[in-house]
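Asks: missing the sequence, but the structure's below:
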DNA sequence: CATGAATGAGACTTCATTCAT
DNA sequence: CATGAATGAAGTCTCATTCAT
């Protein structure tokens, strides 16, 4: 019971931290704010996390894991290349809306952080891209797609979608048009936009 | 002489600020560091800029202006839609390499800043996208491109290229392959990647 | 217990501030000095007061209140006009000695401060004078005093006594001669110093 | 000619300093402000005064000397005790109005200053009081006044008048009523305010 | 002599972290 | 375990003073 209590309090803090870090950024966020958001005392945060930096890392790691799992799950339900790509796009957009704070965590300036963490983040980013790369490679293998640099493409696709889904987006997104926008974007890539040929 | 001196010293500080803000981020950058980088005293910075925040704003504005001009200039030299888009892509990639700090400035977390500045940044970003939108609209008008949401497309293209050019990029870029990568990316969009149809 | 602790620590800081502000003046006083004087850390001061200026204001307000109360109390115990005026003079002199720092707070240059505070100070000063004005008016009403401008007189009396009691005083004051000096000064005003008429 | 030029520039700075120190106080006054007020460059101030503190001292000394001379001169023209005292009062009030900055210089917080200067200020203050003391002593000698502690009285009189003339005064003073107020105050002291005896 | 650009010591203030309760 | 009062390191900014022109 105590254990369960502990776990839930740790989670409580992470939730609060995600919220505050997202809206205020790492440096502007204050430990006291996070504690208040979590409805606990300032000192308690330090019972569960060694430092502000550690709390940030754990919050980011947890966030990324959740988002990644959600996307993977969605993709697994599709069978066609286009279906998988649209699923990826739609979920990315949805998350960018619903969990805007996670999206922001990625855009946030983290270069000041511990070198190891930065490396971890880059590696993790690479893993995320692998998901798309694999879809592409599969598509090439079954001759649905033309041969191309899957790594480069994955980054362009992910970056393109992420930008539309992100906090600086100028495209108005509602729950109703998520699907349509996802399809539109994917088709830029699949069909191309040129009328010639 | 004095005038020239003034201008160059202000510029000197902006250069140093761009360097330090880029590598360290706004909050981690210290005024003293910037002054050292510029080879001047701490107090001198305040002779040219009212505050750290003001220095940051001016640095960003100057950077954006330079980059924008460079891109516009490059595009103006091309006549075809594909040529313009590749020029945009190549210049964006080149700048992302050469002026990595400018690229970083955009990813940096600036949400904490003065509301007016944030609005200015968003508006300026919108202007940048207009450049692409116009290329696209022209292409549609002359039936080179199929009809599509130019605003959305501009954001996807710009985001896709920016990601490859940016500091988290996993695509290795050298002066030699800039042109090739730019063309490859643009062709994802123009020709599409699907073999079907 | 915590509550009592809080109150006493705030008071502790005010005491230290009164001491330091009095001997060093507002601008020369350093927050660190005040903290040291109070035997606490620099940061603790800011737990109880928003800023140095706020600390100064609260210190002055508290000091004035204490002094005013002490004077009022002393006057209330007297029945005759002369008795009240001497009580006022004696208490003012006594406080000028014992709480020299309060006396100094009044002479200090506060014109640079927040406009509202300055207004408050002037108003409060006016209130203090009212005490004397009322004594005078009562004296006139019962034909003990000749008719005169009570407001002007109050300021002359208060200024005259304050100067003798103040930090620039050239009159040597000891606990033994306080009473005598107070009476002497009051009699300048009551009897006059002229032998003619 | 050069010499004369030097003298007048030194004087120019002192005038500007008196103005600025009076309105802003020692610590809030900036050397640059004073230079601007004098219509010269910041560095030039240091050609004539070693430091800000030195400039302040010289400004105060000059101001006191001017005021003292003006008062002495006025008194010398009177023959009766009452005439001399009223002349003193009137001139003090007039100066408090016209040269409000000089009056403020005296109230200003100077305790932080160089010990020697503080001693000088106290001594000079004593000298000023001697003027009144002598009038009083003469009055006692010729049996116009009753015997009393001339030093104490001088301080009460001077403090009383100074307060009415000073920047915190609540008595409205106009060129028209200066004479009347001076007489009223002096008569508080000469005739007393009591109707009894 | 006159100037004002450059400087850096020093002050206020914030906030992550500690630790006694 | 939970807390929040206390702390002090560290950062921004001011301004008296210097000195090259």
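Replies: Sure, I can see it. This structure is a prediction, so every number in the text was calculated from the model and none was measured.
Asks: Domain-wise, how is chain A divided?
Replies: A:1-49, A:56-191 (automatic domain parsing).
Asks: Out of the ones you listed, which gets nearest to chain D?
Replies: Chain D lies closest to domain A:1-49 among these, at 32.3 Å (C-beta to the nearest C-beta). C-beta here means a position set from N, CA and C on the backbone, and glycine is covered the same way.
Asks: Is there proximity between the closest one and chain C?
Replies: No: Domain A:1-49 lies apart from chain C when judged by C-beta under 8 Å from any C-beta of the partner chain; the minimum separation is 12.4 Å.
Asks: I'd like the average pLDDT over that domain.
Replies: Here domain A:1-49 scores 88 as its mean pLDDT.
Asks: tell me which residues of the longest helix that chain A contains are tucked away?
Replies: Counting by DSSP state H, the longest helix found in chain A is helix A:115-141. For helix A:115-141, a neighbour-count test (16 or more other C-beta atoms under 10 Å in any protein chain shown) marks A:117, A:120-121, A:125, A:128-129, A:131-133, A:135-137, A:139-140 as buried.
Asks: Equivalent analysis for stretch A:171-189, please.
Replies: Applying 16+ other C-beta under 10 Å to stretch A:171-189 flags A:171, A:173, A:178, A:181, A:182, A:184, A:185, A:186, A:187, A:188, A:189 as buried.
Asks: Among those, which lie within strands?
Replies: Among those, no residue falls in strands (DSSP state E).
Asks: Same list, the residues you listed, but only the ones touching chain B.
Replies: Restricting the buried residues of stretch A:171-189 to those near chain B - C-beta under 8 Å from any C-beta - leaves A:171, A:181, A:184, A:185, A:187, A:188, A:189.
Asks: thinking the third one is in contact with residue B:148, fair?
Replies: Yes: in this structure, residue A:184 is within contact of residue B:148 by C-beta atoms under 8 Å, at 7.3 Å.
Asks: any shared contact partners between these two?
Replies: Contact criterion C-beta atoms under 8 Å, 6 or more residues apart in numbering or on different chains; no residue bridges residue A:184 and residue B:148 by contacting each.
Asks: What is whichever strand or helix holds residue A:71 packed up against?
Replies: Here residue A:71 sits within helix A:52-76, counting by DSSP states H and E. Counting contacts by 3 or more C-beta pairs under 8 Å, 6 or more residues apart in numbering or on different chains; DSSP states H and E, helix A:52-76 is packed against helix A:2-24, helix A:81-98, helix A:100-107, helix A:115-141.
Asks: Ok, which of those helices comes nearest residue B:93?
Replies: Relative to residue B:93, the nearest member of the helices and strands packed on helix A:52-76 by C-beta to C-beta is helix A:115-141, separated by 18.0 Å.
Asks: what about the closest one and DNA strand E, touching?
Replies: No: taking C-beta under 7 Å from any atom of the strand as the criterion, helix A:115-141 and DNA strand E are apart, separated by no less than 14.1 Å.
Asks: Could you work out the end-to-end span of stretch A:141-157 for me?
Replies: By C-alpha to C-alpha, to the nearest Å, the extent of stretch A:141-157 from end to end equals 19 Å.
Asks: Low-confidence ranges, chain A, go.
Replies: Along chain A, segments meeting pLDDT under 70 span A:1-7, A:100-101, A:106-112, A:196-197.
Asks: Just to check, residue A:173 is in contact with residue A:95?
Replies: No: contact criterion C-beta under 8 Å: residue A:173 and residue A:95 do not qualify, at 11.5 Å.
Asks: Now chain A against DNA strand F: closest residue?
Replies: Proximity of chain A to DNA strand F (C-beta to the nearest atom of the strand) peaks at residue A:43, 2.0 Å away.
Asks: three-state assignment of that residue?
Replies: Under DSSP: H, G, I helix; E, B strand; the rest coil, the three-state class of residue A:43 is helix.
Asks: Burial check on it, number of neighbours?
Replies: 9 (other C-beta atoms under 10 Å in any protein chain shown).
Asks: Please apply the same query to residue A:65.
Replies: 11.
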